[in-house]
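A.B. asks: kindly generate the corresponding structure for this input.
(2 chains)
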Amino acid sequence: MTPDHALELRGVRKSYKGFTLKDVSFTLPRGVIGGLIGPNGSGKTTIIKLIMNLIRREAGEIRVFGLDNRTAEVEVKSRIGFVYDVPGFWDDQTLDSQRRALGAFYPTWSDETFHRLAAEFGLPLGKKFKALSHGARTKFALAMALSHGADLLIMDEPTAGLDPIFRRDLLRRLSALLQEEGKSILFSTHITSDLERVADVITFIRAGEIVFSLTRDELLDGWAIVRGDDAVVRELDPLLVKGVKRRAYGVEALVSDGGAVRRAVGSRAVVDKVTLDDVMVLMSGEALHAA
Amino acid sequence: MLRNALRKDLLLNARHLWGILPWFLWVAYAMSEPDMGRITAVGAAFIGSLMAATIAAREDKLHTSATLASLPVSRRTLVEARYLVAFIVGAATYLVVVAMAGALPWSVQHAAELVELKTVLLTLTLASAAIAVMMPLVIRFGLLGVVVFLGAFQLLGVAVMVAFEFFEMRSAVGVFSAVERGIVALHRGLDQPVVILETMAVLALAMWGSFRVSVFLAARRDL
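C.D. replies: Coordinates of the predicted model:
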């Protein structure tokens, strides 16, 4: 375990009836934006809850800035800003009274930052939480998360329900946080274009298991999608084939070494760059090597 | 941190706690009835404590439990605040009843009677017992815990009524009579130092046990 990492998970396990998170291990270096992607029910929220110690792990180790997230819980949490997919605040209280009550828990809380963000986000501080739209609720959660100088931001689907303009603004803001202040960010999302825009490291989880944790460049420049007929795809090195989907015109295969595959298939198949959407669809689809 | 947790409970659950206000309509009426002062004051503190003890259930309903557990504060401190709030609200409710006894023009109660040590201690005993039983249930089961707590009393009442009415089991009613006699006897005895010490020792033990169970349950609860 190294304090150079903002976040380290080693062999983390958690079981529910019908679902098990199996020996999850990955790291998030300091000063990096990490994205968690995966199909619904794959375990993204469970991982975030485990990091926040909202649920108890059955095995493994979770360290935040080198500190155990359970034994040093208060210190760890004072350095984390969090945004959950469904922001839970007090419906019948104004945003300002929640700011007063919750901000007090953070030794580094800045009212000035909060008010600046609230003004930028157009948050009506005198309004009750229940009067806000889903987007405004998320903006409030973001303002709370960004107002205590957190070193690590953990966000579960933070861009869901936000309009495209604010989403883009949020991503720009997150990138700026990273560049100017060296913060680290981990967020889960279904909106893969958001990750392509800002994530440095992408971790894919499926059915409770980490399938890969790669840098964006390794993934988007190294991996490729092969479109051709069954015979060509069958010839590919099975170790390189990460997912296959049958289409009306033939087969699409996701491969982890685009260069090698391009050389192998020549002009018999089309080898394109991947998008995260391709990765999501192909890795969540049929079994590997199904062709 | 405890101060922050306490402040948070009182500030963000103020509207929930104002739910005690309708009870004071009953208190206002009861002040005109002879011999109702003590039972009204004790009852008000009891209800106030229970109302405050249900904050955890309310926060479960609002899905704020995860938000709270993500703050840089231990679950133990959050539980400590819950117990303290229950006592503070119970005490405040009791003081309001005392004030009403002295201030309402139609009151036939003597405020001085309500602040007798033995009445205050009896109130503390009953409110503490309610908090000690209810808090772990609410912390573990949320709203369901409140329903279980109140439902258990309802079921006990129905069972006694059925036993008495349909099976002519007069001894069933005896349970309630025994509780009533016990409370009266305790009230009478609470002006003797030995009884006070014994009662406070039992109370302290019950609260300690309840608190430990609540902390244990809160720490193990998946949110």
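A.B. asks: in the strand or helix carrying B:Pro136, what counts as buried?
C.D. replies: Per DSSP states H and E, B:Pro136 falls inside helix B:117-141. Judged by neighbour count using 16 or more other Cβ atoms under 10 Å in any protein chain shown, the buried positions of helix B:117-141 are B:118-132, B:134-141. The way it works is simple: take the backbone N, C-alpha and C, and place the C-beta from them, glycine included.
A.B. asks: with stretch A:246-266 instead?
C.D. replies: Those would be A:250-258, A:261-262, A:264-265, for stretch A:246-266 by 16+ other Cβ under 10 Å.
A.B. asks: and the contacts of the helix or strand hosting A:Ala119?
C.D. replies: Secondary structure assignment for A:Ala119, by DSSP H and E: helix A:111-121. Outside helix A:111-121, the residues within contact range by Cβ atoms under 8 Å, 6 or more residues apart in numbering or on different chains are A:95, A:99, A:103, A:123, A:125, A:136, A:139-140, A:142-144, A:146-147, A:149, A:166.
A.B. asks: let's see 7 Å
C.D. replies: Residues external to helix A:111-121 that are found in contact with it (Cβ atoms under 7 Å, 6 or more residues apart in numbering or on different chains): A:Arg99, A:Gly103, A:Leu125, A:Lys139, A:Ala143, A:Leu146, A:Ser147.
A.B. asks: buried ones in that helix?
C.D. replies: Those would be A:Phe114, A:His115, A:Leu117, A:Ala118, A:Phe121, for helix A:111-121 by 16+ other Cβ under 10 Å.
A.B. asks: give me the mean pLDDT for stretch A:253-261.
C.D. replies: Averaged across stretch A:253-261, the pLDDT comes to 89.
A.B. asks: which parts of chain B sit against chain A?
C.D. replies: Within chain B, the positions near chain A by Cβ under 7 Å from any Cβ of the partner chain are B:4, B:7-8, B:11-12, B:15, B:62-64, B:66-67, B:69-74, B:220, B:222-223.
A.B. asks: so which of those residues are in helices?
C.D. replies: The helices, defined by DSSP state H, take in B:Asn4, B:Arg7, B:Lys8, B:Leu11, B:Leu12, B:Arg15, B:Ala66, B:Thr67, B:Ala69, B:Arg220 from those.
A.B. asks: among those residues, which ones are buried?
C.D. replies: When those are checked against 16+ other Cβ under 10 Å, the ones flagged as buried are B:Asn4, B:Lys8, B:Leu11, B:Leu12, B:Ala66, B:Thr67, B:Ala69.
A.B. asks: show me the contacts for the first one.
C.D. replies: Listed by Cβ under 7 Å, 6+ apart, the contact partners of B:Asn4 are A:Ala104, A:Phe105, B:Val73.
A.B. asks: with adjacent residues omitted, what lies nearest to residue 24?
C.D. replies: Assuming you mean chain A. A:Val12 (4.4 Å; Cβ to Cβ, 6 or more residues apart in numbering or on different chains).
A.B. asks: that's the other chain; I wanted chain B
C.D. replies: On the basis of Cβ to Cβ, 6+ apart, the spatially nearest residue to B:Phe24 that is not a chain neighbour turns out to be B:Val96, at 6.8 Å.
A.B. asks: report pLDDT for B:Ala69.
C.D. replies: pLDDT at B:Ala69 comes out at 92.
A.B. asks: okay, now residue 153: neighbour count?
C.D. replies: No chain specified, so I'll use chain A. 23 (other Cβ atoms under 10 Å in any protein chain shown).
A.B. asks: ah, no, chain B please
C.D. replies: 9.
A.B. asks: next: B:Gly142.
C.D. replies: Neighbours of B:Gly142 (other Cβ under 10 Å): 19.
A.B. asks: for it, report the pLDDT, please.
C.D. replies: 82.
A.B. asks: and it, how far from chain A?
C.D. replies: 13 Å (Cβ to the nearest Cβ, to the nearest Å).
A.B. asks: contacts only, for A:Ile225.
C.D. replies: A:Glu252, A:Leu254, A:Asp272, A:Val274, A:Asp278.
A.B. asks: distance between stretch A:32-46 and the chain's centre?
C.D. replies: 5 Å (Cα atoms, centre = their mean, to the nearest Å).
A.B. asks: buried residues, the helix or strand bottoming out on mean pLDDT in chain A. List them.
C.D. replies: None of the helices or strands of chain A scores lower by mean pLDDT, DSSP states H and E than helix A:164-181, at a mean of 80. By 16+ other Cβ under 10 Å, the buried positions in helix A:164-181 come out as A:Phe166, A:Arg167, A:Leu170, A:Leu171, A:Leu174, A:Leu177, A:Leu178.
A.B. asks: and the next element down the chain from it?
C.D. replies: Using DSSP H and E, the first helix or strand after helix A:164-181 is strand A:184-188.
A.B. asks: that older thread, average pLDDT for the helix holding A:Ala119?
C.D. replies: Rounded mean pLDDT across helix A:111-121 is 93.
A.B. asks: in the stretch 151-291 of chain A, which residue sits nearest chain B?
C.D. replies: Taking Cβ to the nearest Cβ, chain B has its nearest neighbour within the stretch 151-291 of chain A at A:Ile154, 8.8 Å off.
A.B. asks: so what's that residue up against?
C.D. replies: A:Ile48, A:Ile51, A:Met52, A:Ile80, A:Phe82, A:Leu186.
A.B. asks: what's the closest non-adjacent residue to the first one?
C.D. replies: This points to A:Ile48. A:Asp156 (4.9 Å).
A.B. asks: and the helices in the chain, which stretches?
C.D. replies: Since no chain was named, I'll use chain A. Under DSSP H, chain A gives helices at A:44-51, A:73-78, A:95-103, A:111-121, A:134-145, A:164-181, A:192-198, A:216-217, A:230-235, A:258-265, A:276-284.
A.B. asks: wait, chain B was what I had in mind.
C.D. replies: B:2-12, B:14-17, B:21-30, B:37-53, B:55-61, B:65-69, B:75-103, B:111-114, B:117-141, B:143-167, B:170-189, B:193-220.
A.B. asks: ok, and which of these has the densest surroundings?
C.D. replies: Ranked by mean neighbour count under mean count of other Cβ atoms under 10 Å in any protein chain shown, the helices of chain B are led by helix B:37-53, which reaches a mean of 23.
A.B. asks: just want the angle from that helix to helix B:117-141.
C.D. replies: 20 degrees (axes from the mean of the first three to the mean of the last three Cα atoms, to 10 degrees).
A.B. asks: tell me how far helix B:37-53 lies from the chain's centre.
C.D. replies: Worked out by Cα atoms, centre = their mean, helix B:37-53 lies 6 Å from the chain centre.
A.B. asks: what does that helix rub up against?
C.D. replies: So helix B:37-53 is in contact with B:17, B:19-20, B:23, B:27, B:30, B:85-87, B:89-90, B:92-94, B:97-98, B:101, B:109, B:113-114, B:119, B:122-123, B:126-127, B:130-131, B:134-135, B:138, going by Cβ under 7 Å, 6+ apart.
A.B. asks: on that earlier part again, which pLDDT value goes with the residue nearest to A:Val24?
C.D. replies: On pLDDT, A:Val12 comes in at 96.
A.B. asks: next, count neighbours for A:Trp223.
C.D. replies: Neighbours around A:Trp223, by other Cβ under 10 Å: 22.
A.B. asks: that one and A:Gly258 touch, don't they?
C.D. replies: Yes - counting by Cβ atoms under 7 Å, A:Gly258 is a contact partner of A:Trp223 at 6.1 Å.
A.B. asks: how much space is there between A:Ala6 and B:Asp222?
C.D. replies: 24 Å (Cβ to Cβ, to the nearest Å).
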